[in-house]
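Enquirer: task: produce atomic coordinates for the following.
(one chain, ligands or ions: 1)
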Amino acid sequence: MKCRYAGAAALAAAIFAIDSFTMLSSAVAVLYVLVLILIGDTASERTIRATAAGCIALALFSFFYGHDDAVALDAVLRLVFSVAAVLATAFIVLKRLADQQTVASQAELLDVTSDAIFLTDVAGRVIYWNHGAEALYGWSFDEAYGQDPHALLATRSAPSRSAIRGALAREGSWEGEVTQTTRDGRTIHVFSRLRRRTEPGRYEGTTLETNTDITQRKAAIEALSQSEQRFRTIFETLAVAIWEHDLRPVKAELDALRAEGVEDLAQHLGQRPELLRRIRASVRITDVNSTGLRLMGVSSKEEFFTHLDGFLTDPDEDFIAFLLALDAGAPHFQSEAGIRTRQGELLRVLVAFNFPPPELLDRVQASVLNITERIRVQEALQRTRGQLDHALRAATIGEVSASIAHEINQPLAAISAHAAAAGRWMDRDPPNLAEVRASLDAAGAAAHHASQVVRRVRSFMTKVEPERTRLDVDALVEEAMRLVQGEIVSHGVALAPVLEADGVAVEGDRIMLQQVLINLITNAVQAMHATPAGERRIALRTWRAGGRVGIEVRDSGPGFGAEAAQKAFEPFFTTKAGGMGLGLAMCRTIVNAHDGEIRIDIPGDDAPGGRISITLPVAGRAAPGF
Ligand code: ADP
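Expert: Model (predicted):
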């Protein structure tokens, strides 16, 4: 560069010397343009200007130096011509410099971009390789230079390379996605734009290739499409019917009403069925899943209802509630609705909406669950329950009457026995009127007991709380013994009471507890019907153990059979010809109602026979009703 400047200076000096000191009457100064051309490639704009000014100054100096007196016109013309030539050359050199600077900055731009850009010559060899290409592929410009880039990058594309070359030759350009491999072995996806340069000149026939790395974008799109696919599968295969609505027109209607100043939207809509109908008609159905198609009896999405009012039954309170929820910006809404299938079948469904943000109101999904069958089953269940209630009432009535019959059998038998006895005393000669009275009194007492039994059993069956009073246990047992006295005697049974409850009281219903004892004693008497007359014995025992009091009825009969021991407390279990199997069931119910327990005891080897015992809690000191 320095050489050039030195050469230029020498040239300028030589031209100046010839121009000033020789007598050549020609335009030597024109040669100054050579100085400018010599430095034009490398000098800066300022240097070029200064050099041009210097050359003109030298030409002027030479002119005035050689023509100090008379100036010939042809000499002036030569000067003007030379100066014009220098100026024109300076202008051209400066223009070229500016062009070069523009090209250089444009080339820099190619390096600034993150796209990989390279240029291949007519033979397909790399002649330019920008920084982006170095960064993306890992090969430097020097390494890539002169190579076939697609061999280097193992480019794979859907159309073959020869097809791409064909397209380039025909159309001058091609673009599409290709897969390439970087220096470190990574596979990348790039969007490639190829342009064949046809402008005549140095670059004619070269191909400029711009590649944008889309690996991440492609992965994101792939992930998105997979997730979309996944949700689509869920949407399609869900057991719940789903359809999508475009609710934008509805929201617009509601917003318009608000803008008009409607404050009570519920009332406003409630009074305008036409408006309601119009709003409903504006709801477009945009998608439906397979379950939805099946539910509505439609075979394809294309044939599905286009609008909500195609299948929703008349607008009602629920639709207004839905509109209010949408208007209020509620996050969800759920309600029952009536819909009509394509075949006209009326279904009840549970509809649940999740309202998206307002900008997504064009695709609002509703999950729809068919509850028609459930409602039908519920109604059937309701009906059956009603029928069952009726049957239960009938059964209860039967049970009450059976229980009453069972419980008054014993007093009735007693009454007739006492009446017969009274008759016999009357037939005596002379009649024993005192005994007649005693028998009649006993008959009267039995009748009174019977009536009380009926009352209690009825109140018990109708779940009236038993009357609770404080009862002396031994006194209770003695009273029961008196009531069955006739039966005991008539069957020749020996009754041996051992009453050791020592004035302990229980809290309970006297008649009911007496009834329990009468039942147990009667069972014992009946169990011994096959026992020889002299061996019929009933041992009645009471005792106290801690907070409880026990009563035991023990007979000398055959004892409970294996099945009876298991099932005796079950209603209607009986081993007797005329038995009803209710006695022990009632005993257990009554004893349990008194927080007590009743059980069949296993008899000892030394003392066989039926053995049944009751335990009841001892009454507290300040028991109510005492
Ligand atoms: P029912 O007296 O009408 O048969 P219960 O409920 O009073 O009904 O008795 C059920 C069954 O328990 C009787 O049929 C009988 O087999 C058995 N049972 C009750 N008491 C005794 C007893 N003391 N000894 C033997 N078996 C008894």
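Enquirer: only C-alpha atoms for contact and neighbour calcs from this point on.
Expert: OK.
Enquirer: now do stretch 115-123, average pLDDT.
Expert: Computed over stretch 115-123, the mean pLDDT rounds to 92.
Enquirer: and the contacts of it?
Expert: The contact list for stretch 115-123, computed with Cα atoms under 8 Å, 6 or more residues apart in numbering, reads 110, 126-136, 203, 205-213.
Enquirer: among these, which are in helices?
Expert: Counting by DSSP state H, the part of the contacts of stretch 115-123 found in helices is 110, 131-136.
Enquirer: thought D19 was touching S62?
Expert: Yes - taking Cα atoms under 8 Å as the definition, D19 is a contact partner of S62 at 6.0 Å.
Enquirer: so the two - more neighbours on which side?
Expert: D19 (24 against 20; other Cα atoms under 10 Å).
Enquirer: give me the distance between the two termini of stretch 365-378.
Expert: End-to-end span of stretch 365-378 (Cα to Cα, to the nearest Å): 28 Å.
Enquirer: typo on my end, stretch 118-137
Expert: Stretch 118-137 stretches 12 Å from its first residue to its last (Cα to Cα).
Enquirer: one step back: of the contacts of stretch 115-123, select the buried ones using a ChimeraX command.
Expert: Buried members of the contacts of stretch 115-123, identified by 16 or more other Cα atoms under 10 Å, are gathered into one ChimeraX selection as follows:
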select :110,126,127,128,129,130,131,132,133,134,136,203,205,206,207,208,209,210,211,212,213
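Enquirer: looking at this structure, which helix or strand is least sure?
Expert: Using mean pLDDT, DSSP states H and E, helix 372-427 stands out as the lowest-scoring helix or strand of the chain, at a mean of 77.
Enquirer: packing partners for the next helix-or-strand element following it?
Expert: On the C-terminal side of helix 372-427, the nearest following helix or strand under DSSP states H and E is helix 433-461. Other helices and strands packing on helix 433-461, by 3 or more Cα pairs under 8 Å, 6 or more residues apart in numbering; DSSP states H and E, are helix 372-427, helix 510-527.
Enquirer: wait, which of those helices is closest to L168?
Expert: helix 372-427 (65.9 Å; Cα to Cα).
Enquirer: helix, strand or coil for F569?
Expert: coil (DSSP: H, G, I helix; E, B strand; the rest coil).
Enquirer: what's the nearest residue to it if we skip its chain neighbours?
Expert: Closest residue to F569 apart from its sequence neighbours, by Cα to Cα, 6 or more residues apart in numbering: A585 at 4.6 Å.
Enquirer: and the strand or helix carrying the one you found, does that touch the ligand?
Expert: Using DSSP H and E, A585 sits within helix 583-593. Yes - Helix 583-593 is in contact with the ligand by Cα under 6 Å from any ligand atom, via 583-585.
Enquirer: for those residues, give me CSV that also has neighbour count and pLDDT.
Expert: As requested, those are exported to CSV (neighbours: other Cα atoms under 10 Å; pLDDT from 0 to 100):
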residue, neighbour count, pLDDT
G583, 26, 86
L584, 23, 90
A585, 16, 86
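Enquirer: out of those, who's nearest E479?
Expert: For those, the residue nearest E479 by Cα to Cα is G583; the value is 19.2 Å.
Enquirer: against A402, how distant is the closest one?
Expert: 10 Å.
Enquirer: so how far is N289 from the residue in the stretch 151-300 of the chain positioned nearest to the ligand?
Expert: Using Cα to the nearest ligand atom, the closest approach of the stretch 151-300 of the chain to the ligand is made by A239 at 55.0 Å. When distance is defined by Cα to Cα, A239 is 10 Å away from N289.
Enquirer: residue contacts, the residue in the stretch 401-550 of the chain that the ligand sits nearest to?
Expert: Residue of the stretch 401-550 of the chain nearest the ligand, by Cα to the nearest ligand atom: A524 (3.9 Å). Applying Cα under 8 Å, 6+ apart, we find A524 in contact with 538, 553-555, 557, 610.
Enquirer: just among those residues, which is most surrounded?
Expert: D555 leads the contacts of A524 on contacts (other Cα under 10 Å) with 29 neighbours.
Enquirer: got a list of what it touches?
Expert: 524-525, 528, 536-539, 609-611.
Enquirer: got the contact list for the closest residue to the ligand within the stretch 1-150 of the chain?
Expert: The minimum distance from the stretch 1-150 of the chain to the ligand, using Cα to the nearest ligand atom, falls at L136 (98.0 Å). L136 makes contact with 116, 182, 213, according to Cα under 8 Å, 6+ apart.
Enquirer: could you do V351 as well?
Expert: Contacts of V351 by Cα under 8 Å, 6+ apart are 334-337, 366-369.
Enquirer: neighbour-wise, which of those leads?
Expert: V368 (24 neighbours).
Enquirer: any idea how far the ligand is from that one?
Expert: Look at V368 and the ligand: by Cα to the nearest ligand atom, to the nearest Å, they are 57 Å apart.
Enquirer: in what helix or strand does S20 lie?
Expert: Using DSSP H and E, S20 falls in helix 2-21.
Enquirer: assess the claim that the residue nearest to F569 and K567 are in contact.
Expert: No - using Cα under 8 Å, A585 makes no contact with K567, being 9.6 Å away.
Enquirer: if you skip the residues just before and after it, what's nearest to R544?
Expert: A501 (5.3 Å).
Enquirer: what about the one you found, how many residues close to it?
Expert: Neighbours of A501 (other Cα under 10 Å): 20.
Enquirer: that one in helix, strand or coil?
Expert: Assignment for A501 (three-state DSSP): coil.
Enquirer: identify the residues contacting it.
Expert: Counting by Cα under 8 Å, 6+ apart, the residues that A501 touches are 473-474, 542-544, 549-550.
Enquirer: the helix holding A585 - contacts with which helices or strands?
Expert: helix 372-427, helix 510-527, strand 597-600.
Enquirer: residues in contact with E552?
Expert: E552 makes contact with 539-542, 611-614, according to Cα under 8 Å, 6+ apart.
Enquirer: try 6 Å this time
Expert: Shown in contact with E552 (Cα atoms under 6 Å, 6 or more residues apart in numbering): 540-541, 612-613.
Enquirer: is it fair to say it lies in a strand?
Expert: Yes - judged by three-state DSSP, E552 forms part of a strand.
Enquirer: how far away is it from Q382?
Expert: For E552, the distance to Q382 (Cα to Cα) stands at 47 Å.
Enquirer: cool, and D327?
Expert: For D327, the distance to Q382 - Cα to Cα - is 38 Å.
Enquirer: which one's more surrounded, these two?
Expert: Using other Cα under 10 Å, the more surrounded residue of D327 and Q382 is D327, with 17 against 12.
Enquirer: once you drop chain neighbours, what's closest to the more buried one?
Expert: L254 (6.6 Å).
Enquirer: may I see the buried residues of the host helix or strand of that neighbour?
Expert: Per DSSP H and E, L254 falls inside helix 248-259. Neighbour-count burial for helix 248-259 flags 248-251, 253-254 (criterion: 16+ other Cα under 10 Å).
Enquirer: reformat the residues you listed as CSV; add pLDDT and distance to P431.
Expert: Formatted as CSV, the buried residues of helix 248-259 follow (pLDDT from 0 to 100; distance: Cα to Cα, whole Å):
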residue, pLDDT, distance to P431
R248, 94, 109
P249, 93, 109
V250, 93, 105
K251, 93, 107
E253, 93, 108
L254, 93, 105
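Enquirer: tell me the two of those residues that are most distant?
Expert: It's R248 and L254 that sit farthest apart of those, by Cα to Cα, at 9.9 Å.
Enquirer: single out the most deeply packed of the helices and strands packed on helix 433-461.
Expert: helix 510-527 (a mean of 21; mean count of other Cα atoms under 10 Å).
Enquirer: which bits of the stretch 401-550 of the chain sit near the ligand?
Expert: Checking the stretch 401-550 of the chain against the ligand by Cα under 6 Å from any ligand atom, the hits are 523-524, 527.
Enquirer: show me the shaky parts of the chain.
Expert: Along the chain, the model assigns pLDDT under 70 to residues 1, 25-26, 67-71, 314-316, 384-400, 457-466, 621-626.
Enquirer: tell me the residues of it that contact the ligand?
Expert: Counting by Cα under 6 Å from any ligand atom, the chain sits next to the ligand at 523-524, 527, 559-560, 564, 568, 573-576, 579-585, 610.
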